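Peer 1: The following comprises the amino acid sequence and a computationally predicted model.
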Amino acid sequence: MKQFLLLSILCLFIHHHSIGQHLDRVIAVVGNEVILLSDVEAQYKLLKSQAGGNLPENAYCAVFEQSLSNALILSQADRDSVLVSDVEVDEQLDSRILQILEYMGGSEEQFVYYYNMTPEEMKERMRDDMRKQLIIQKMQQEISMNQIITPKEVKTFFKRIPKDSLPYFNAEVELDELVIKPKISDEEDKRALTLAENLRKQLVVDSVDFAVLARKYSCDPGSGSRGGDLGIVPRGTFVPDFEAVVYQLDKGEISEIVKTEFGYHIIQLIERLGNNIHCRHILLCPTITAKDEEAAFNHADSIRTLIMQDSLTFSEGIQKFSEDEFSKTKNGTILSQKTGEPYIELGDLDTEIYFALDDADIGEITQPLKMRGVDGKPVYKLIKVRNRTLPHEANLKDDYSRIQKAALEEKKAKFLYEWVNDHIDEHFIELRVGGLSKLEGCEFMNRWKKQRP
């Protein structure tokens with residue numbers, strides 16, 4: 001399974017020289033773009049693996065047709081001077097490399113063993129293919145950006161789905177949250193700062209081992225046991241105050257004390273890898289007392305009272321009081337950790353929320369629930385049930401937004417297909433599939449056999 005996941009990440013980006021030399025053969029030219037048999041073979045194998053081997057008879061032809069369409073889009077992008085920046089390319093490459101390293105437990109040695117190249121060498125090898133993919137995506141977005149979907153079109157789309165093909169959804173809820181965090185007392189804040197100052201002195205003046213102090217004192221449960229090591233991560237991973245400091249450090253340098261919403265940090269840069277950073281830290285957390293928690297609970301409860309008395313809407317309360325910046329930007333919407341969508345199956349809810357919502361009706365707001373935030377510290381949440389559905393077969397009443405999204409994606413795909421057809425005559429196209437039985441019989445081929453100088 002791990003090998004398949006790694007192949008899935010890289011398959012679209014590694015060019016033919018890494019797939020199998022015996023398959024290399026030019027099978028089409030579109031404008032200045034060359035399509036190789038090895039590329040089509042690699043895409044087909046990946047598609048087959050994802051489908052568990054169950055593909056329709058025309059799947060190989062469909063992969064080739066998609067390759068032709070992508071090549072035509074690239075050719076048109078070249079004419080239209082559609083470009084992507086080096087920064088965009090680097091960000092995507094860093095993300096892909098980081099995914100692979102995460103599958104390998106952050107081990108660069110395993111990476112080199114598996115691919116016979118370093119992450120930086122892989123990044124350079126993938127650069128041209130990544131740039132092309134980003135240009136294709138940008139062109140596709142520009143081509144279909146004005147497509148909209150009407151309620152009538154959504155209904156028509158839904159009616160075309162065979163009855164026996166309608167998806168079945170388990171019981172789900174759509175929830176909004178308002179989050180209140182306990183405030184740290186001045187006394188506890190001073191205690192944590194004093195300890196941080198003492199530990200930094202031991203590191204800088206007394207040359208005490210960083211990893212030893214991190215394991216003993218750091219309150220970061222993830223990195224503390226690893227001697228403070230935060231692994232290799234891309235720019236944008238850390239909170240701004242932390243990141244502003246770590247990217248200014250030299251290799252091996254220890255920072256001044258950095259305060260963030262999580263506490264006080266002592267940071268050491270291990271190395272920079274392009275746009276990625278490898279560092280470690282010691283986090284000193286002020287202790288949240290029972291008195292602090294009680295004050296947070298009372299604050300959340302008073303907000304709930306205002307809402308129940310119609311002095312404040314839940315949405316207004318989120319914007320005015322909520323202290324979770326991520327959900328606040330989405331007006332409090334809680335997203336499923338599995339799908340990233342606002343529809344959450346009951347079985348996937350946190351235990352505290354699940355039992356609090358057992359009999360809750362739409363529009364109902366829970367009492368303040370004590371939970372753990374992303375940093376492991378206690379928070380108090382008010383949860384509102386925006387919608388809930390029983391187990392059901394997909395229908396327009398309960399699932400309109402999901403059906404609307406699917407209908408719009410289909411409409412965009414059709415528009416893009418027609419756009420490609422309309423532009424075939426404008427580009428030089430040469431097919432070289434003679435002797436390849438898998439491709440010679442493809443039904444779509446006649447559309448692409450128009451030779452143009």
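Peer 2: Looks like it came in fine. Residues are numbered from 1 along each chain as shown.

Peer 1: From here on, just use CA atoms for contacts and neighbour counts.
Peer 2: Noted.

Peer 1: Pull the contacting residues for the closest residue to N276 other than its chain neighbours.
Peer 2: In this structure, N276 finds its nearest non-sequential neighbour in P234, 4.2 Å apart by CA to CA, 6 or more residues apart in numbering. Shown in contact with P234 (CA atoms under 8 Å, 6 or more residues apart in numbering): 91, 94-95, 98, 275-277.

Peer 1: Now do the same for P234: its pLDDT.
Peer 2: At P234, the model reports a pLDDT of 80.

Peer 1: picking up where we left off before, in helices, which of the contacts of P234 fall?
Peer 2: In helices, defined here by DSSP state H, the members of the contacts of P234 are 91, 94-95, 98.

Peer 1: quick one on the thing from earlier: how near is the residue nearest to N276 to V208?
Peer 2: P234 is 29 Å from V208, where distance means CA to CA, to the nearest Å.

Peer 1: go on, V112?
Peer 2: 33 Å.

Peer 1: Equivalent analysis for R226, please.
Peer 2: Taken as CA to CA, the span from R226 to V208 is 16 Å.

Peer 1: Surely V212 is in contact with R226?
Peer 2: No: the criterion here is CA atoms under 8 Å, and V212 misses it with R226 at 9.6 Å.

Peer 1: Show me the helices in the stretch 101-250 of the chain, by range?
Peer 2: All helices of the stretch 101-250 of the chain, identified by DSSP state H, counting those that start in this stretch, fall at 108-115, 119-144, 151-160, 186-204, 210-217, 240-246.

Peer 1: Which one, of the ones you listed, ends up nearest to R388?
Peer 2: Taking CA to CA, helix 151-160 is the member of the helices of the stretch 101-250 of the chain nearest to R388, at 21.1 Å.

Peer 1: quick one: buried residues of that closest one?
Peer 2: Across helix 151-160, burial judged by 16 or more other CA atoms under 10 Å covers 154, 157-158.

Peer 1: Distance from the helix or strand hosting F297 to the middle of the chain?
Peer 2: If you go by DSSP states H and E, F297 is part of helix 290-308. What separates the centre of helix 290-308 from the centre of its chain is 34 Å, taken as CA atoms, centre = their mean, to the nearest Å.

Peer 1: Please tabulate the buried residues of helix 151-160 in JSON lines and include pLDDT and distance to E426 as additional columns.
Peer 2: Below are the buried residues of helix 151-160 laid out as JSON lines (pLDDT from 0 to 100; distance: CA to CA, whole Å):
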{"residue": "V154", "pLDDT": "96", "distance to E426": "34"}
{"residue": "F157", "pLDDT": "96", "distance to E426": "32"}
{"residue": "F158", "pLDDT": "96", "distance to E426": "36"}
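
Peer 1: from those, which is closest to K381?
Peer 2: Ranked by distance to K381 (CA to CA), the buried residues of helix 151-160 are led by V154 at 36.0 Å.

Peer 1: show me what contacts the closest one?
Peer 2: 403-404, 407 are the contacts of V154 under CA under 8 Å, 6+ apart.

Peer 1: is it true that A295 touches P182?
Peer 2: Yes: if you go by CA under 8 Å, A295 and P182 touch, sitting 7.0 Å apart.

Peer 1: quick one: which of those two has more around it?
Peer 2: Between A295 and P182, counted using other CA atoms under 10 Å, the more crowded position is P182 (20 against 14).

Peer 1: The closest residue in space to that one that isn't next to it in sequence: how many residues sit nearby?
Peer 2: Nearest residue to P182 in three dimensions, chain neighbours excluded: A296, at 4.9 Å (CA to CA, 6+ apart). Neighbourhood size, A296 [other CA under 10 Å]: 23.

Peer 1: now A296: how far from P378?
Peer 2: The value you get for A296 to P378, if CA to CA is used, is 10 Å.

Peer 1: Kindly point out which residues are neighbours of both of these two.
Peer 2: With CA under 8 Å, 6+ apart as the test, A296 and P378 both reach 181-182.

Peer 1: List the neighbours of stretch 287-296 that are in contact with it.
Peer 2: Contacts of stretch 287-296 (CA under 8 Å, 6+ apart): 180-185, 188, 378-380.

Peer 1: how about a cut-off of 10 Å?
Peer 2: Residues outside stretch 287-296 that contact it (CA atoms under 10 Å, 6 or more residues apart in numbering): 179-185, 187-189, 191-192, 263, 297, 299-302, 368, 370, 377-381.

Peer 1: ok, back up a step: mind listing what's buried in whatever helix or strand comes next after the helix holding F297?
Peer 2: Helices and strands here follow DSSP H and E; after helix 290-308, the next one along the chain is helix 314-321. Going by neighbour count (16+ other CA under 10 Å), the buried part of helix 314-321 is 314-315, 317-319.

Peer 1: One more: stretch 83-98?
Peer 2: Applying 16+ other CA under 10 Å to stretch 83-98 flags 89-90, 92-98 as buried.

Peer 1: Need the contact partners of stretch 428-439.
Peer 2: Under CA under 10 Å, 6+ apart, the answer for stretch 428-439 is 25-35, 37, 58, 60-62, 64-65, 68, 71-72, 75, 440-441, 445, 448-453.
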